[in-house]
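[1] How does the following fold in three dimensions:
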Amino acid sequence: MTLKLGIIGCGGMGLRHMHGISELMKYSEIMKLEAVCDLHESAANFVASKAEEITGKRPTVFTSLEKMLQESDIDVLDIVTDTRTHHKFAIEAMKSGVHVMTEKPMGVTLKACRQMMDSRKKNNVKLAVAENYRKDPMNRLVKELIDNGAIGTPQMLLDISVSGGGHLMHATGWRAKKVMAGSLILEQGVHTSDLILYFLGDAESIYATTGIMQKERIVGKRPPGIEQFYGHRVEDQFEGQSKVIIDAEDTAFSVIKFQSGAIGQMTMTSGANGYGFGNQTIHGTEGTLKLPGSRNGNSPIISRDNLSDSITGDDLLDLVPEWQLDDITSLYFDGSRRISSYDYPFEAVDRKLIAIELHDLAEAIINNSTPEVDEIVGVKALSLAYGALESGDTGQIVNLKDIESGKVNQYQSEIDSELKI
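    Next up, the predicted model:
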């Protein structure tokens with residue numbers, strides 16, 4: 001059985017998802033690209049032409065989701081539009097019996113996510129969230145090392161990302177706007193949140209201080225590595241402007257309490273001028289695990305007090321003798337089952353991880369099983385990210401279940417009101 005995929009949103013991420021489905025089509029017949037859709041026809045045609053170059057078949061181009069749902073016979077909709085539209089497009093597709101994968105964050109607010117969850121249940125379809133970091137083989141290895149006690153019982157996590165430079169990320173206007181979920185705490189923070197929960201389990205509460213450290217941002221040229229994905233994109237927020245004022249938080253200092261009893265620090269900022277750095281470590285009763293980062297192929301590193309040398313590379317595999325990559329991940333990494341590092345350029349890793357996400361959803365549809373990152377997992381990650389913003393807004397410790405349920409939503413209420421959610 002071959003499922004037919006439609007992509008809505010043909011900007012930078014839409015192009016990257018096209019490369020992802022094209023990568024999948026090299027290895028499997030479980031899914032193929034059928035159609036692309038974007039409000040800007042030029043962007044849709046660009047992505048369609050690139051798809052034709054790679055796969056030999058040009059997907060049908062649409063400029064409205066309504067027409068794509070009426071005139072194509074897609075089985076799955078891949079949503080890669082700006083976050084404020086995720087819930088609208090997902091619900092419209094699910095009402096038509098179409099399964100959905102939406103880019104992270106799952107929705108613009110938790111209220112939007114709850115509407116998506118209700119629609120999924122009502123229409124009996126699958127809903128998945130594109131969280132690609134956890135799909136990285138090195139993060140799979142990290143998870144196995146933790147679960148097998150390689151550092152004992154996890155007690156603390158430190159995730160710190162400090163950067164600056166004054167530029168608007170990827171020169172994309174929606175990243176400046178609170179109402180578009182453009183905050184760094186959501187856009188990048190939901191990646192971090194998902195990995196933190198993947199590694200350490202559910203969080204109980206969070207306390208944070210947040211702010212905007214650098215309100216004026218430069219809309220400059222993108223680095224070549226980014227330009228190859230975003231150069232065709234139509235900017236419809238700040239076209240022609242060299243500087244913008246952001247109203248979405250660029251900084252959060254957070255303390256997390258996990259249900260396991262572990263504690264964590266999640267600190268991120270894009271408003272620090274001069275010196276930048278990052279640290280991602282998990283500290284247990286028997287050692288520290290330095291996380292490798294995502295999409296770079298680096299090996300994790302374990303340090304222990306009773307060892308002069310760190311444990312890394314293939315030596316890590318001795319600590320998890322039964323571990324191997326799942327069938328889907330192995331397929332896209334040359335059939336390898338046990339690896340402690342890999343060497344691919346970013347573009348290759350990026351499309352492989354997207355292919356894995358799509359393949360996982362396809363199998364869930366065919367086998368009537370649950371996607372790994374379903375709506376429940378997606379909501380938990382977004383709740384942790386929004387937990388930081390809600391706590392920063394109220395000055396109070398917030399319970400994550402209250403974020404999920406909507407009991408705490410002071411920060412989000414402005415977005416819900418403006419978007420009429």
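
[2] What average pLDDT does the lengthiest helix in the chain get?
    Assignment by DSSP state H gives helix 346-367 as the longest helix of the chain. Per-residue pLDDT values over helix 346-367 give a mean of 98.

[3] Can you point out the buried residues in stretch 334-349?
    Along stretch 334-349, the positions that meet the burial threshold by neighbour count (16 or more other CB atoms under 10 Å) are I339, S340, S341, Y342, V349. C-betas here are computed from N, CA, C, even on glycine.

[4] Same question for stretch 207-227.
    Result for stretch 207-227 [16+ other CB under 10 Å]: buried residues Y207, A208, T210, I212, Q214, R217, V219, R222.

[5] Using PDB, write out every CA atom in that stretch.
    Listed in PDB are the C-alpha atoms of stretch 207-227, where the atom choice follows Å, rounded to 0.1, in the frame of the first residue of the first chain:
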ATOM      1  CA  TYR A 207       9.300  28.200  37.300                       C
ATOM      2  CA  ALA A 208      10.800  30.700  35.000                       C
ATOM      3  CA  THR A 209      11.800  34.300  34.400                       C
ATOM      4  CA  THR A 210      11.400  35.500  30.800                       C
ATOM      5  CA  GLY A 211      11.900  38.600  28.800                       C
ATOM      6  CA  ILE A 212      12.900  40.300  25.600                       C
ATOM      7  CA  MET A 213      16.500  41.300  25.900                       C
ATOM      8  CA  GLN A 214      17.000  42.500  22.300                       C
ATOM      9  CA  LYS A 215      13.800  44.100  20.900                       C
ATOM     10  CA  GLU A 216      15.300  45.500  17.700                       C
ATOM     11  CA  ARG A 217      16.400  42.800  15.200                       C
ATOM     12  CA  ILE A 218      18.200  43.000  11.900                       C
ATOM     13  CA  VAL A 219      16.500  41.300   8.900                       C
ATOM     14  CA  GLY A 220      19.700  40.500   7.200                       C
ATOM     15  CA  LYS A 221      21.100  38.000   4.700                       C
ATOM     16  CA  ARG A 222      20.800  34.300   5.600                       C
ATOM     17  CA  PRO A 223      23.900  32.100   5.900                       C
ATOM     18  CA  PRO A 224      24.400  30.000   2.700                       C
ATOM     19  CA  GLY A 225      23.400  26.800   4.500                       C
ATOM     20  CA  ILE A 226      20.000  28.400   5.400                       C
ATOM     21  CA  GLU A 227      19.600  30.300   2.200                       C
END
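
[6] what's the weakest-modelled helix or strand in this structure?
    Taking mean pLDDT, DSSP states H and E as the measure, the helix or strand of the chain with the lowest value is helix 224-230, at a mean of 73.

[7] Give me the buried positions along stretch 288-303.
    Within stretch 288-303, judged by 16+ other CB under 10 Å, the buried ones are 288-292, 294-295, 297-303.

[8] Go through the residues you listed and name the one nearest M117.
    Proximity of the buried residues of stretch 288-303 to M117 was ranked by CB to CB; the top entry is S294 with 26.8 Å.

[9] before we move on, what SS does that closest one have?
    In terms of secondary structure, S294 is coil; the call rests on DSSP: H, G, I helix; E, B strand; the rest coil.

[10] now it: how far from D136?
    Per CB to CB, to the nearest Å, S294 is found 5 Å from D136.

[11] Take the buried residues of stretch 207-227 and keep only those in helices.
    Residues of the buried residues of stretch 207-227 located in helices (DSSP H): none.

[12] And the furthest pair within those residues?
    Maximum pairwise distance among the buried residues of stretch 207-227 (CB to CB): 35.5 Å, between Y207 and R222.

[13] thinking again about what came up before, closest to M25 out of the buried residues of stretch 207-227?
    Out of those, the one with the shortest distance to M25 is R222. That distance is 27.9 Å, counting by CB to CB.

[14] picking up where we left off before, pull the distance from the longest helix of the chain to the chain's centre.
    13 Å (CA atoms, centre = their mean, to the nearest Å).

[15] list the buried ones in the very next helix or strand once past that helix?
    Proceeding C-terminally, helix 346-367 gives way to helix 375-394 as the next helix or strand, assigned by DSSP states H and E. Within helix 375-394, the residues scored as buried using 16+ other CB under 10 Å are 375, 377-393.

[16] How many residues are close by Q412?
    23 (other CB atoms under 10 Å).

[17] Tell me the predicted confidence for it.
    According to the prediction, Q412 has pLDDT 96.

[18] go on, Q237?
    With respect to pLDDT, Q237 scores 65.

[19] and if you look at G378?
    G378 carries a pLDDT score of 98 in this model.

[20] So which elements touch the least confident helix or strand of the chain?
    Here helix 224-230 touches helix 12-27, going by 3 or more CB pairs under 8 Å, 6 or more residues apart in numbering; DSSP states H and E.

[21] counting contacts, what elements does the helix it packs on pack onto?
    Secondary-structure packing of helix 12-27 (3+ CB pairs under 8 Å, 6+ apart): strand 3-8, strand 31-37, helix 41-55, helix 224-230, helix 327-332, helix 346-367.
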